[in-house]
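Return atomic coordinates for the entry below.
(one chain, ligands or ions: 1)
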Amino acid sequence: MSQPLAVAIAHSNIALIKYWGKSDSARNLPAVPSLSLTLDGLTTTTRVHFDAELAEDHVELDGSVALGREQKRVVALLDRVRALRGFDTRARVASRNDFPTAAGLASSASGFAALALAASTAAGLELPLETVSGLARQSSASAARSLFGGFASLPADSECAHQLAPEGHWDLRLLVAVTEEGRKPLGSTEAMEVTKQSSPYYAAWVAHAPTLYQEAERAIRELQFDALGASMEQSTLMMHASMWATRPAILFLTEGTLAVIHRVRTLRSQGLPCYFTVDAGPHVKVLTEAKHADALQCELTALSQVKRVIPCAAGAGARLISETELAGKVALC
Ligand code: PMV
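As a prediction, the model looks like this:
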């Protein structure tokens, strides 16, 4: 093998139009189209080294050995890469996030995007970005979008994501208002399955999601901020409404989440253009135009329910980095 080792970095992406629900659970295909903004913050760095000496894969996430489901999901992606390459060599994987893992900040998106790129490269495969996106999508559908910078789209039933517009297309900011530290109680895969099985609102969500997607796609093309914001908020509230109607109900929104949502609506009515979105966790991500980002950050930071605010601009897609660049960035283990 020419190159048994590779390091990749990828950024989180936040869906402006949400993916929630699978049309095919076994293949992890999304039931609805989604559209995201890749961020310049919230970064995962991952090194993969295929090593013929290893008897089994060794996975370290944020400095600790990964066990159970976390480890299985990484090994499953490595297995897909091994199957494509037609070899059986085990790998040493070390990965680090510069933000809290599994806390509703889309760590699986950046994590699996970085892993898919590093693992396929380390295995000596030179795959088109779409194929790498497809590899990441099988682990976490939102990860398919993090391979691309700027605005990315993952159509319903699609194997892979693609870029809608590059990061320079529109100078927007997404401010992540962190309302709680710590891991979220329920993973998105389980939560989606429960929604599909038991929510009477799930069918309505799946039926309406393409309309919201089309509205948002046009708003991005035409740089219409209020139109994008309106579609974005309806998408997130419809997604959560479908979860509220499950039995038992799934409530990711906490008191802190709702306080931020109400504040965003008040600020908007007072003339500050901003719109919210919430994923499978309690944090609120608030979209605004670059010129309003400082004012919005002050307002959000002043809320007692907000622990901290992470301001993000549109970021680049996943990329490979050299060991030298890695040494200047993070210690992986
Ligand atoms: O890709 P997953 O399984 O982590 O699910 C992501 C689901 C949401 O973050 C809530 C929405 C999305 O499109 O990213």
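
Who are the contact partners of Thr254?
Residues in contact with Thr254 (C-beta atoms under 8 Å, 6 or more residues apart in numbering) are 179-180, 282. C-beta here means a position set from N, CA and C on the backbone, and glycine is covered the same way.

Now do the helices in the stretch 201-333 of the chain.
With helices called from DSSP state H, counting those that start in this stretch, the stretch 201-333 of the chain shows them at 202-222, 225-244, 255-269, 293-301, 323-327.

Out of these, which one sits most buried?
Among the helices of the stretch 201-333 of the chain, helix 225-244 has the highest mean neighbour count (mean count of other C-beta atoms under 10 Å), at a mean of 20.

Show me what that helix packs onto, helices and strands only.
Secondary-structure packing of helix 225-244 (3 or more C-beta pairs under 8 Å, 6 or more residues apart in numbering; DSSP states H and E): strand 5-17, helix 188-198, helix 202-222, strand 274-277, strand 284-289.

okay, it in PDB with CA atoms only?
The C-alpha trace of helix 225-244 is given here as PDB (Å, rounded to 0.1, in the frame of the first residue of the first chain):
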ATOM      1  CA  PHE A 225     -32.500  36.400   4.100                       C
ATOM      2  CA  ASP A 226     -36.000  36.700   5.500                       C
ATOM      3  CA  ALA A 227     -37.300  34.000   3.100                       C
ATOM      4  CA  LEU A 228     -34.500  31.700   4.200                       C
ATOM      5  CA  GLY A 229     -35.100  32.400   7.800                       C
ATOM      6  CA  ALA A 230     -38.800  31.700   7.600                       C
ATOM      7  CA  SER A 231     -38.300  28.300   5.800                       C
ATOM      8  CA  MET A 232     -35.500  27.400   8.300                       C
ATOM      9  CA  GLU A 233     -37.700  28.100  11.400                       C
ATOM     10  CA  GLN A 234     -40.600  26.100  10.000                       C
ATOM     11  CA  SER A 235     -38.400  23.200   9.100                       C
ATOM     12  CA  THR A 236     -37.000  23.000  12.700                       C
ATOM     13  CA  LEU A 237     -40.300  23.400  14.400                       C
ATOM     14  CA  MET A 238     -42.000  20.800  12.100                       C
ATOM     15  CA  MET A 239     -39.200  18.400  12.900                       C
ATOM     16  CA  HIS A 240     -39.600  18.900  16.600                       C
ATOM     17  CA  ALA A 241     -43.400  18.800  16.400                       C
ATOM     18  CA  SER A 242     -43.200  15.400  14.800                       C
ATOM     19  CA  MET A 243     -41.100  14.300  17.800                       C
ATOM     20  CA  TRP A 244     -43.400  15.800  20.400                       C
END
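
near the ligand at all, that helix?
No. Residues of helix 225-244 are not located near the ligand by C-beta under 6 Å from any ligand atom, the shortest gap being 6.7 Å.

Show residues contacting that helix.
For helix 225-244, contacts defined as C-beta under 8 Å, 6+ apart pick out 15-18, 20, 172, 191, 195, 199, 201-202, 204-205, 208-209, 212, 215-216, 218-220, 249-253, 273-279, 287, 289.

between it and helix 202-222, how many degrees?
Calculated by axes from the mean of the first three to the mean of the last three C-alpha atoms, to 10 degrees, helix 225-244 forms an angle of 160 degrees with helix 202-222.

and helix 225-244, what's its mean pLDDT?
Across helix 225-244, the average pLDDT comes to 98.

chain center to it, what's the gap?
Helix 225-244 sits 17 Å away from the centroid of its parent chain (C-alpha atoms, centre = their mean, to the nearest Å).

Give me every residue in the stretch 101-250 of the chain lying close to the ligand.
Within the stretch 101-250 of the chain, the residues that sit near the ligand (C-beta under 6 Å from any ligand atom) are 106, 108, 140-142, 188-189.

Check the chain for me, the residue farthest from its geometric middle.
No residue in the chain sits farther from the centre than Glu53, which is 33.8 Å out by C-alpha atoms, centre = their mean.

about what we covered before: pLDDT check: weakest of the contacts of Thr254?
Ranked by pLDDT, these bottom out at Glu180, which scores 90.

now the stretch 151-300 of the chain, which segments are flagged as low pLDDT?
Along the stretch 151-300 of the chain, segments meeting pLDDT under 70 span 183-184.
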